[in-house]
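Peer 1: can you look at this prediction? I've put the sequence above it.
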Amino acid sequence: MKGVLLVNLGSPESPTAKDVKPYLDEFLMDKYVIDVPFILRALLVRGIILQTRPKKSAEAYARIWTDEGSPLIVISKKMHQKVQKLVDIPVALSMRYGTITILKGLQELKDKGVTEVMLMPLYPQHAMASTTTILVLAEELRQKHFPEMTFTNVPAFYNKPDFIQALANSIKKHLEGFDYDHLLFSYHGVPKRHIRKTDITKSHCKMDRTCCDTPSPAHEFCYSHQCYETTKQVVKLLGIPEDKYSQTFQSRLAGDKWLTPYTDVEVNKMPEKGIKKLAVVTPAFVSDCLETLEEIAMEAKEEFIHHGGEEFKAIPCLNDDDEWCEVVAGWVKEWAK
């Protein structure tokens, strides 16, 4: 029997330092997130970051927390329920970090008699710290607990026409009535070394943007190329002129060279360039979360206004948008034939 496992990022149990700390520990100790030797990672994470970050992160989570709970979890569950209603095979939902584990999701599918699993990381673009870590952990769990199962891994869908169409339609809908000066595509940042590590050719990536536009087998796993390609295809569909949009990367950690340009730096410079009405979309996420709701819709907005901007619109992620859920259901039906 066939079944589907949707996997998103995860969330702490509550917006308190007590619950945020173990969540951050699990996340930051992941060798695909901070890819340095274990001893160094433990010193950095447990010796430095976790001494102060949980309190600060808890305050950020508290700003976005709802009566129903964590926005990412609430939204993911709604999306999951909609997809399940549209297909005839079991669909389970898991998170890479936190308590809604991949192990629980696979067990749920096994209990329903599933032996063939369509494993879908809910990330449009492929990255070590998102896609790879899900696929690796799921395979480890399969070998240990579910050897009778087989996986079909859903590749990055950054350029699939139906995803691009759903994203473009969502952006268009949310921009109605907002006469923006500029549309910013803000993607989650990653260290530049992650891009080099995922270059299967070991030679294509030059980190100067020219390689992103030159066809190569490396693009199958290149986060940078895939982000630029998503933007390119969306603006083409929407007919947005070149001088009215740009692309940046957000959410970096100090100490490493990350993909540039940086969202916060560019947003703060926009008012002096005459951009007074700014819209921001975050296409690396399919569900609104801390990085979109707090970092963009709150922090970036506050900074934009502080630097002389007048109006700021954070465009929601696809979330449980009907068209998006139908797109995912379509992929499931195609696979389940």
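Peer 2: That came through fine. None of these values were measured; they are calculated from a predicted model.
Peer 1: C-alpha from now on. contacts and neighbour counts both.
Peer 2: Noted.
Peer 1: before we move on, which element is A58 in?
Peer 2: helix 50-64 (DSSP states H and E).
Peer 1: contacts for stretch 42-60 next, please.
Peer 2: 15-18, 20-21, 24-25, 28-29, 290, 294 (Cα atoms under 8 Å, 6 or more residues apart in numbering).
Peer 1: which two of the residues you listed have the greatest separation?
Peer 2: M29 and E294 (23.2 Å; Cα to Cα).
Peer 1: in the helix holding A58, what's buried?
Peer 2: 50, 53-55, 57-62, 64 (16 or more other Cα atoms under 10 Å).
Peer 1: ramachandran angles for the closest residue to Y32 other than its chain neighbours?
Peer 2: What sits nearest to Y32 in space, not counting adjacent residues and going by Cα to Cα, 6 or more residues apart in numbering, is A129, at 5.0 Å. A129 adopts backbone torsions of phi -80, psi 0, taken as degrees, to the nearest 10.
Peer 1: ok, how many other residues are close to A129?
Peer 2: A129 has 19 neighbours, counted by other Cα atoms under 10 Å.
Peer 1: what distance do you get for it to P121?
Peer 2: Applying Cα to Cα, to the nearest Å, the value for A129 to P121 is 12 Å.
Peer 1: okay, helices next: where are they in the protein?
Peer 2: For the chain, the helices defined by DSSP state H occupy 17-28, 38-44, 50-64, 71-86, 102-111, 133-145, 161-175, 192-197, 210-213, 223-238, 263-269, 301-306, 322-336.
Peer 1: so which elements touch the fourth one?
Peer 2: Using 3 or more Cα pairs under 8 Å, 6 or more residues apart in numbering; DSSP states H and E as the contact criterion, the secondary-structure elements in contact with helix 71-86 are strand 2-10, strand 91-97, helix 322-336.
Peer 1: need the ones you listed in a markdown table (columns: distance to S186).
Peer 2: Converted to a markdown table, the helices and strands packed on helix 71-86 look like this (distance: least, Cα to Cα, whole Å):
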| stretch | distance to S186 |
| --- | --- |
| strand 2-10 | 18 |
| strand 91-97 | 23 |
| helix 322-336 | 20 |
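Peer 1: out of the ones you listed, nearest to A166?
Peer 2: Of all the helices and strands packed on helix 71-86, helix 322-336 comes closest under Cα to Cα, at 5.8 Å.
Peer 1: next, the buried residues of that closest one.
Peer 2: 323-330, 332, 336.
Peer 1: any idea how many residues pack against R41?
Peer 2: R41 - counted by other Cα under 10 Å - has 17 other residues nearby.
Peer 1: what's the spacing between S186 and V265?
Peer 2: Counting by Cα to Cα, the gap from S186 to V265 is 12 Å.
Peer 1: tell me which of those two has more neighbours.
Peer 2: For S186 versus V265, neighbours defined as other Cα under 10 Å are more numerous around S186 (26 against 15).
Peer 1: so the more buried one makes contact with F249?
Peer 2: Yes: counting by Cα atoms under 8 Å, S186 does reach F249; the two are 5.4 Å apart.
Peer 1: so what's the backbone phi/psi at the most centrally placed residue in the chain?
Peer 2: With distances taken as Cα atoms, centre = their mean, the residue of the chain nearest its centroid is F285 (3.4 Å). Backbone geometry at F285, expressed as degrees, to the nearest 10, gives phi -120, psi 140.
Peer 1: my guess is it contacts Q125, does it?
Peer 2: No: between F285 and Q125 there is no contact under Cα under 8 Å: 9.1 Å.
Peer 1: what about the chain, any weak spots by pLDDT?
Peer 2: Within the chain, no stretch has pLDDT under 70.
Peer 1: which residues touch the closest residue to E148 other than its chain neighbours?
Peer 2: Take E148 and drop its neighbours on the chain: the residue closest to it by Cα to Cα, 6+ apart is T115, 6.4 Å away. Taking Cα under 8 Å, 6+ apart as the contact definition, T115 lies against 1-3, 148-150.
Peer 1: report the buried members of the residues you listed.
Peer 2: 2-3, 149-150.
Peer 1: isn't I195 up against S224?
Peer 2: Yes: at 7.1 Å, I195 counts as touching S224 under the criterion of Cα under 8 Å.
Peer 1: looking at those two, which is more packed in?
Peer 2: Neighbour count, other Cα under 10 Å: between I195 and S224, S224 has more, with 26 against 22.
Peer 1: what about E295, how many neighbours?
Peer 2: A count of nearby residues for E295, using other Cα under 10 Å, gives 17.
Peer 1: can you check K18 too?
Peer 2: K18: 14 neighbours (other Cα under 10 Å).
Peer 1: could you do the one 10 residues further on as well?
Peer 2: Using other Cα under 10 Å as the criterion, L28 is surrounded by 21 other residues.
Peer 1: check the gap between D208 and L184 for me.
Peer 2: Counting by Cα to Cα - D208 and L184 are separated by 20 Å.
Peer 1: which one's more surrounded, those two?
Peer 2: L184 (20 against 7).
Peer 1: burial measure for the closest residue in space to the more buried one that isn't next to it in sequence, as a count.
Peer 2: The shortest distance from L184 to any non-neighbouring residue, by Cα to Cα, 6+ apart, is to V280 (4.7 Å). A count of nearby residues for V280, using other Cα under 10 Å, gives 26.
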